[in-house]
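Undergrad: using only what follows, build the 3D model:
(chains A, B, C and D)
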There are 4 protein chains.
Amino acid sequence: MSGIGNDVSDWWSTAIIDMVPGQIRLRGHPIEELIGTVTFAQMIWLMTRGDLPTEDEAALLECALVAAVDHGPQAPSIAAARMAVTCGLGLNGAMASAVNMLDDIHGGAGEQAVELYTWIDTEEQSGTPLDEAAAGMIDRWQATRTTYLPGFGHRFHKPEDPRAPRLLGLVDAAANQGVVSGRFAKIARATQEVLNNRKGKPVPMNIDGATAVIYAELGFAGPLARGLFCLSRSVGVIAHAWEQMQQGGRNKGPTPPKYRWAYTGPNPIEK
Amino acid sequence: MSGIGNDVSDWWSTAIIDMVPGQIRLRGHPIEELIGTVTFAQMIWLMTRGDLPTEDEAALLECALVAAVDHGPQAPSIAAARMAVTCGLGLNGAMASAVNMLDDIHGGAGEQAVELYTWIDTEEQSGTPLDEAAAGMIDRWQATRTTYLPGFGHRFHKPEDPRAPRLLGLVDAAANQGVVSGRFAKIARATQEVLNNRKGKPVPMNIDGATAVIYAELGFAGPLARGLFCLSRSVGVIAHAWEQMQQGGRNKGPTPPKYRWAYTGPNPIEK
Amino acid sequence: MSGIGNDVSDWWSTAIIDMVPGQIRLRGHPIEELIGTVTFAQMIWLMTRGDLPTEDEAALLECALVAAVDHGPQAPSIAAARMAVTCGLGLNGAMASAVNMLDDIHGGAGEQAVELYTWIDTEEQSGTPLDEAAAGMIDRWQATRTTYLPGFGHRFHKPEDPRAPRLLGLVDAAANQGVVSGRFAKIARATQEVLNNRKGKPVPMNIDGATAVIYAELGFAGPLARGLFCLSRSVGVIAHAWEQMQQGGRNKGPTPPKYRWAYTGPNPIEK
Amino acid sequence: MSGIGNDVSDWWSTAIIDMVPGQIRLRGHPIEELIGTVTFAQMIWLMTRGDLPTEDEAALLECALVAAVDHGPQAPSIAAARMAVTCGLGLNGAMASAVNMLDDIHGGAGEQAVELYTWIDTEEQSGTPLDEAAAGMIDRWQATRTTYLPGFGHRFHKPEDPRAPRLLGLVDAAANQGVVSGRFAKIARATQEVLNNRKGKPVPMNIDGATAVIYAELGFAGPLARGLFCLSRSVGVIAHAWEQMQQGGRNKGPTPPKYRWAYTGPNPIEK
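TA: Alright, predicted model coming up:
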């Protein structure tokens, strides 16, 4: 379309939703045919990808979504959500406060791990043996991106994050059944082996590294891996914010009031 | 617990998650037993409620979650998400921008409808006939809260929002099978009848009114109805933000640049 | 204007800014005439009110803006900002995270205090003596709004918030010079006296109660009192977020990691 | 400090604020000595830098803060703020929604321009003539960062952004008075000359390029240039959000409802 008026509609063009009064179609499907027919996980796939997954694909997606819902109130996102409701925000505001914090460091590792795996995959497909491809791309990542390798290492769960082996086992099972190729599971394990050898001790694969395997196996683009992590963690956010609402409190700070903070600047108050 | 140090842990006490290195339990369930066993919808229930739903309850919850994922880019939340990614934000920031807007007016109607239905339910259980209880509580809502009645009326979908009858049909089916009582479906229909009679024309039950029936039937508290709406709509938010990322654009404004805005103040620039 | 196209411009009509290529006018003033001529505080007034303040009015506004910039990292907003930068957000994201939390409980007291003072003012102007008007409106506030009275009481600064007497002294001076009427200072003091008498001990006027006097004296509407508080506190937010950036840290939680949290739910992990 | 309890206070250590009941010191200054004595702009400097500026330095800072307050409702941030209040958010939520969008593309150019200027400055101080240093660092920026050069070019203000020459004139005046060195003004002009020559037509210096000169001249770090831009633009955000509150509206979308959007996906609804 073009011309006065049409360019206004074109400015917001989308292939996701079509609508007239009394009718809504999502990705071409009448909404009333989706309600009661597809699961929430299938709907997530349909909306972000455009097509419907098989039941087996949807089941694997659910594993990743279930695995990442919460890691406790010491996560800054969850703490922020709990503080937010004591400041007067509803669950929408609490969720926004938390999800906003799921940025590159707190919520971006899954997206980055998909990217790293994809580098290794591309390198391997060009003829480099997997272990060399993994080692080379780890080097490249650390040289051009960050010394932290996304998806591996955990400051708390040592020697192993309980979610990772369970998720990888489910990917293996899906690969055996032909649901996915299994090649990103191999890539992730090759990556871990390189890291184990370099560190001389087991480096745990973390939740981001493991869910990234699933997202990559299922063909989700990196940015969607971050988006789906945000969706998953939002479940924990809502649960914690709601629990805090019930506990009450006003302007909840990070520590009990009596601890205050250490002042390190000039001209301190004599205490 | 009490005393120095313990009070720090107590400050962030929660019944949702327990953790030691290598172990995570959510609502008492080891995470590795949940992954691959429960669906995402069941996990949402477990985290927000503390127990696991039956499969039939989870299926009804999925209907509400599926129904509300998107209503197009003219919704301020979706527009904000699409603009946000053109400003440099990742999907976490886009989702935060959108969900923050799901406040009382844009995302609070489900919570409010649960509350209204609960008023009517309480009134009916005290002996008032349902139609009188509905009329009385509508009056009370409009006198003490807002003239807009949450859950009813739609500026676009006339005469009917296609999601509402489908959702109510699924509630009826669940009530017939004994999954839920069906009394909130009756309450919603009684509310609609009062409104139809007062307006002298059909007033459509909207998505908030219909999902609120499901949330109330399943026993979700009002604030959780808002939280679950935010979760559901986040799916559309992610889909739209991702589509916009692929379309590109920098600093996308609300309208094509050539339209600008109408200036209504003093000392206008001669044009 | 009307018709296709014009209605698009009208949708975003504003009396604040006019623009053509090469020219910008704010509230009718060419931007290049404002830059280097008016102070930031005068610009804040011009943008939110439409006219320029006198120098004396601007000076009083600066007092309120200076007074509220920071109250330390135990405030949830400041804590959120510091956590946010360790999650990967820039100062814009940190500021958004913090300001979002300045909601009804954490940042709304100034707006509410302006409203309370205005109730008392209206009541007094209808002929009720000031002390009775204050007592009556306090009762009305606590009956219809919240038991917390906005602007009074402090859980930390006892017996007095050091900012309040300083700010009120400056209002008195401005009233003596005829810059403002001084009647909201009287109203605030009358309110405090009622509270002191009822509690039988001094109830401190807090920063919100004191800045609300200034905002009301200068004729700012209640919502703007909240907006200006957000602007003022943003200065502390930026300072703290920037300090945290320099301190470093990744995914900073609310407490040192070793404290974790107290788990109060079912089936705890044996520790 | 160390040990149980002290480590909790140390976790939130800061050189910005010290506090005991009844006393607040900011950067070592008792708050009551700052109120009524320093301007808001001076306070912004004190909080972010640790020391107080001279009056001339503060005056130059005010120029940058005044210049960037608004660029109209087609900016996604301002549009978001106006939409936000129609969704039920207060001015804090509107401001958060807007400021969150001031990310790398929408609000990061000032920070980036400070960085680019600093590269050129460092190169020049190592002995390279200014014009060569500018050309070389422009090449480096476009090779390693973005093809867009921060601070230059404008899709609307052609041939000149009215704010830039005014701001540079004020920097020149301050340099003549010895307030600042003036070397970043030279760097910015050298950068512009390289661009003009390469493009064969005038490339306007934009608001980010011009304010970055001021921030760099005054010694503000790049991230603070972004922070101060956010603070400045927040003034416009508050003004627009407040104007929208007074205009009313519910769930204001980006365009008048009748325009909807263009659907580009499969299985469209027949219209």
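
Undergrad: any idea how far A:Asp104 is from D:Gly127?
TA: Going from A:Asp104 to D:Gly127 by CB to CB, to the nearest Å gives 37 Å. Where you see a C-beta, it was placed from the backbone N, CA and C, and this is true even at glycine.

Undergrad: now do A:Thr86
TA: Counting by CB to CB - A:Thr86 and D:Gly127 are separated by 57 Å.

Undergrad: which one's more surrounded, these two?
TA: A:Thr86 (23 against 7; other CB atoms under 10 Å in any protein chain shown).

Undergrad: my guess is that one contacts A:Glu243, does it?
TA: No: in this structure A:Thr86 lies outside contact range of A:Glu243 using CB atoms under 8 Å: 11.8 Å.

Undergrad: average model confidence for stretch A:105-123?
TA: For stretch A:105-123, the mean pLDDT works out to 96.

Undergrad: distance between it and the chain's centre?
TA: Centroid separation for stretch A:105-123 versus its chain: 11 Å, with CA atoms, centre = their mean, to the nearest Å.

Undergrad: so which residues of chain A form strands?
TA: A:17-20, A:23-26, A:29-30 (DSSP state E).

Undergrad: could I get the contacting residues of A:Ser181?
TA: The contact partners of A:Ser181, taken as CB atoms under 8 Å, 6 or more residues apart in numbering or on different chains, are A:175, A:217.

Undergrad: what residues does the stretch 151-271 of chain A put near chain C?
TA: Neighbours of chain C within the stretch 151-271 of chain A, by CB under 8 Å from any CB of the partner chain: A:155-156, A:250-255, A:257, A:260-261.

Undergrad: looking at those residues, state which has the most neighbours.
TA: Result: A:Pro254 is most packed of those (other CB under 10 Å), 29 neighbours.

Undergrad: that one: what's it in contact with?
TA: Contacts of A:Pro254 were listed using CB under 8 Å, 6+ apart, and they are A:79, A:83, C:73-74, C:76, C:79, C:254-255, D:12.

Undergrad: then A:Glu57?
TA: Taking CB under 8 Å, 6+ apart, one finds A:45, A:179-180, A:218 in contact with A:Glu57.

Undergrad: distance check, it against A:Val69.
TA: 20 Å.

Undergrad: now do A:Val194 against chain C, distance only.
TA: Plainly put, A:Val194 is 23 Å away from chain C if you go by CB to the nearest CB, to the nearest Å.

Undergrad: next: A:Pro150.
TA: 12 Å.

Undergrad: could you check the pLDDT of A:His154?
TA: 85.

Undergrad: report how many residues lie close to A:Gly209.
TA: 30.

Undergrad: what does A:Trp242 give?
TA: By other CB under 10 Å, neighbour count at A:Trp242 equals 25.

Undergrad: likewise for A:Arg145?
TA: Count around A:Arg145 with other CB under 10 Å applied: 13.

Undergrad: cool, and A:Asn176?
TA: 10.

Undergrad: with A:Ile207 instead?
TA: For A:Ile207, the neighbour count with other CB under 10 Å is 27.

Undergrad: hang on, it packs against A:Ala164?
TA: Yes: the pair A:Ile207 / A:Ala164 is scored as a contact, 6.9 Å apart, by CB under 8 Å.
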